[in-house]
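[1] Sharing a model prediction with you, sequence too.
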Amino acid sequence: MDENRSFDVIIIGLGPVGAVVANLLAPFNISILIIEKNKMIHPTPRAIHFDGEVMRIFQNIGLSSYIKKISRPSFQGMHFVDKNNKTLLVRKANKDIGDQGWHNNWYFFQPDLEKILRNGLNRFNNVSFRLGENLIKIKDLKNNCILTTNSAFSNKKKSYLGKWVIGCDGANSLVSKKISKKVTDFGFDEKWLVIDLNIKKNSVRAKKLPNYTVQHCNPMRPMTRCCINSSKRRWEIKILPKDDLKKILQKKFLWSILSPWLTPDDAEIERAQIYTFHSIIKNKWRKNNMVIAGDSAHQSPPFLGQGLCAGFRDASSLAWRLAKIIKGRADNTLLDSYTNERKKHVLEFIKLATRCGQLINTGKKSLINKYFDSSLKKNKASFNYPKPQLGKGIWEYGKTPLGQITPQFLFRKRLLDEGAIYKFILLENCNLKNNLQYQDKKLLEEIEIKIISANKEIKSWLKTINANVALIRPDRYLYGFANDYSETNKLLNSLREKLETK
Ligand SMILES: Cc1cc2nc3c(=O)[nH]c(=O)nc-3n(C[C@H](O)[C@H](O)[C@H](O)COP(=O)(O)OP(=O)(O)OC[C@H]3O[C@@H](n4cnc5c(N)ncnc54)[C@H](O)[C@@H]3O)c2cc1C
């Protein structure tokens, strides 16, 4: 196979997750090919919300300043109301900057986001694209793969050799099927109608609508209403057995659903489309040198706005490991820890989203007590996004916050990660730098760990976890902590051993 056809990594699918994996991997200077069957960015958005942790991932690919410009921070959470519009439950929100160094919730128009992610890839000349090529066959040679594509335009077949293949090819992933067809299904399988609207500037009615998400927990017509920005809104409507599927996409039906809030004088329908919402996770995420991320690995009903966020977390968890393997600094089995860690984490979100779906479908108050807020103070039930611990993997198992996302601090007037973009960070408050021996320095260099001496804010966080030293991974999860030089030395050696485990 000639040089133009052979790559360290081939990413299948340039959806949002494929684009973030590529942006994270590219700075490691490995050869990357992206194969995408569509020539253009998908014009119809699916996701509209991401969280503060995801903005931190965008920061770690150097694109947060652009993405901030096309996104709207949201401060009022998500309100679940009953059939009489009485609030049952609120997903909490905060006006202040959240612990990730960014606002906790953002709304956006997906094609704008994807454009920035794709443009970001033009920064790297080690990334090649084959747009308009459809992956049709994978030959797994154990230590690499031969991929065959055809072109939607010429039907010409081409082959490529990939040392590693990452399937970011969405819900019908061919890469995932090649790894294994086994799936765990949590039972949510429903058709919902999604209507996106462009709001007219002079609409008084639209101005009166809330700028937060409302979940109508009404079994007569379960529904979600969302505000994307001042000119875009979305309705998601459950399709009921009584609905006539032939008429459901007709304007008459769409406006009859929207009529309590808006009329054609207020907005124009950008698109209406039926989606099937699932709650599934693939049992195997890796086989030999093939691995999956995003919707090819898991799908969640969108009630929490977290499906794509989970895909971005996969990307952030996967890229630093794969880079280490390709650079010969870690063993292939490091990717098994990616699977273990991410599966447990994403499951908590899928289960919670499924429970939200049950509440929206039934309006049953008993579900709030059971699943969300057992303290259930009168009319003030609320919940927050979970902060799951990772499954077993590359971290020192123990009590939280070990294996959890760490906060991002201000350091010298900048956000902490800016000084160590997508690298390990060792925060210390015990004059560690002066005690380091030659071997320690070598190890820090080898694993590319940046040491940062704690400022006041970091010191007070270290105090809350009873430590003087904290080791944070490139994806910003907490690897472990220590109290003095000797414990730190053990911590670093345990990390090295974990990376090298056969
Ligand atoms: C109505 C709705 C609302 C949602 N809202 C939210 C939200 O607010 N927040 C959130 O976090 N999540 C949300 N989600 C979930 C989110 O949209 C998905 O999780 C996300 O789009 C998955 O991204 P992905 O890159 O993994 O897959 P995709 O976006 O599906 O991208 C896969 C890419 O692979 C390409 N591809 C597939 N097969 C091949 C092949 N054989 N060869 C070459 N290319 C191929 C496709 O063309 C596509 O570009 C929502 C989902 C729905 C349906």
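    Okay, I see it.

[2] Who are the contact partners of residue 366?
    By C-beta atoms under 8 Å, 6 or more residues apart in numbering, no residues touch residue 366. C-beta: built from backbone N, CA, C; applies to glycine.

[3] now residue 174, nearest residue through space, not along the chain?
    Closest residue in space to residue 174, ignoring its immediate chain neighbours: residue 135 at 5.6 Å, by C-beta to C-beta, 6 or more residues apart in numbering.

[4] Which of the three states applies to the one you found?
    strand (DSSP: H, G, I helix; E, B strand; the rest coil).

[5] For it, give its distance to the ligand.
    Distance of residue 135 to the ligand, given as C-beta to the nearest ligand atom, to the nearest Å: 4 Å.

[6] beta partners for that residue?
    Following DSSP bridges, residue 135 is listed with bridge partners residue 149.

[7] which residues does it contact?
    For residue 135, counting by C-beta under 8 Å, 6+ apart, the contacting residues are 12, 35, 37, 147-149, 169, 174-175.

[8] Pull the most distant pair out of these.
    Largest separation among those by C-beta to C-beta: 148 and 169, giving 14.3 Å.

[9] In contact with the closest residue to the ligand within the stretch 201-350 of the chain, which residues are there?
    Residue nearest to the ligand within the stretch 201-350 of the chain (C-beta to the nearest ligand atom): residue 294, separated by 2.4 Å. Residue 294 makes contacts with 13, 15-18, 168, 170, 308, 310-311, 314-315, as judged by C-beta under 8 Å, 6+ apart.

[10] Please, where are all the helices along this structure?
    For the chain, applying DSSP state H gives helices covering 16-25, 52-60, 64-69, 110-121, 174-179, 204-208, 251-258, 307-326, 334-362, 365-367, 432-435, 438-447, 456-464, 485-500.

[11] what's the closest of those to residue 470?
    helix 456-464 (6.2 Å).

[12] And the contacts of that closest one?
    407, 409-411, 416, 427, 429, 452, 454, 468-470, 481.

[13] export these to JSON lines and tack on distance to the ligand, neighbour count and pLDDT?
    JSON lines is the format used below for these (distance: C-beta to the nearest ligand atom, whole Å; neighbours: other C-beta atoms under 10 Å; pLDDT from 0 to 100):
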{"residue": "407", "distance to the ligand": "21", "neighbour count": "19", "pLDDT": "98"}
{"residue": "409", "distance to the ligand": "26", "neighbour count": "21", "pLDDT": "97"}
{"residue": "410", "distance to the ligand": "27", "neighbour count": "14", "pLDDT": "96"}
{"residue": "411", "distance to the ligand": "29", "neighbour count": "20", "pLDDT": "96"}
{"residue": "416", "distance to the ligand": "25", "neighbour count": "23", "pLDDT": "98"}
{"residue": "427", "distance to the ligand": "29", "neighbour count": "26", "pLDDT": "97"}
{"residue": "429", "distance to the ligand": "36", "neighbour count": "18", "pLDDT": "94"}
{"residue": "452", "distance to the ligand": "31", "neighbour count": "19", "pLDDT": "96"}
{"residue": "454", "distance to the ligand": "33", "neighbour count": "20", "pLDDT": "97"}
{"residue": "468", "distance to the ligand": "37", "neighbour count": "22", "pLDDT": "97"}
{"residue": "469", "distance to the ligand": "34", "neighbour count": "23", "pLDDT": "97"}
{"residue": "470", "distance to the ligand": "28", "neighbour count": "25", "pLDDT": "98"}
{"residue": "481", "distance to the ligand": "31", "neighbour count": "22", "pLDDT": "97"}
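
[14] which ones among the residues you listed are found in strands?
    Judged by DSSP state E, the contacts of helix 456-464 include 410-411, 427, 452, 469-470, 481 as members of strands.

[15] Same question for stretch 131-143: list its buried residues.
    132-135, 138 (16 or more other C-beta atoms under 10 Å).

[16] Just the CA trace of that stretch, in PDB.
    Taking C-alpha atoms only, stretch 131-143 is exported to PDB below (Å, rounded to 0.1, in the frame of the first residue of the first chain):
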ATOM      1  CA  LEU A 131     -15.200  13.300   2.100                       C
ATOM      2  CA  GLY A 132     -17.900  11.600   0.000                       C
ATOM      3  CA  GLU A 133     -16.400   8.100   0.600                       C
ATOM      4  CA  ASN A 134     -18.400   5.500   2.300                       C
ATOM      5  CA  LEU A 135     -16.700   2.700   4.300                       C
ATOM      6  CA  ILE A 136     -18.100  -0.600   3.100                       C
ATOM      7  CA  LYS A 137     -15.700  -3.200   4.300                       C
ATOM      8  CA  ILE A 138     -13.200  -3.800   7.100                       C
ATOM      9  CA  LYS A 139     -10.500  -6.500   7.000                       C
ATOM     10  CA  ASP A 140      -9.200  -7.000  10.500                       C
ATOM     11  CA  LEU A 141      -5.500  -8.100  10.300                       C
ATOM     12  CA  LYS A 142      -5.200  -7.900  14.200                       C
ATOM     13  CA  ASN A 143      -2.400  -5.400  14.200                       C
END
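
[17] More neighbours: residue 148 and residue 169, which one.
    residue 169 (28 against 15; other C-beta atoms under 10 Å).

[18] List the contacts of the more buried one.
    Contacts of residue 169 (C-beta under 8 Å, 6+ apart): 12-13, 18, 135, 175-176, 296.

[19] Which single one of these is nearest to the ligand?
    Out of the contacts of residue 169, the member with the shortest distance to the ligand (by C-beta to the nearest ligand atom) is residue 13, at 2.5 Å.

[20] is it true that that closest one touches residue 167?
    Yes. Look at residue 13 against residue 167 with C-beta atoms under 8 Å: they come within range, at 7.1 Å.

[21] how about the residues of this protein near the ligand?
    Counting by C-beta under 6 Å from any ligand atom, the positions of the chain adjacent to the ligand are 12-18, 35-38, 46-50, 134-135, 168-170, 174, 194, 275, 294-295, 302, 305-309, 311.

[22] Can you give me the pLDDT of residue 402?
    Looking at residue 402, its pLDDT stands at 97.

[23] Could you measure from it over to residue 480?
    According to C-beta to C-beta, to the nearest Å, residue 402 stands 6 Å off from residue 480.

[24] any common contacting residues for the two?
    395-396.

[25] So which of the two has more stuff around it?
    A count of neighbours by other C-beta under 10 Å puts residue 480 above the other of residue 402 and residue 480, at 24 against 18.
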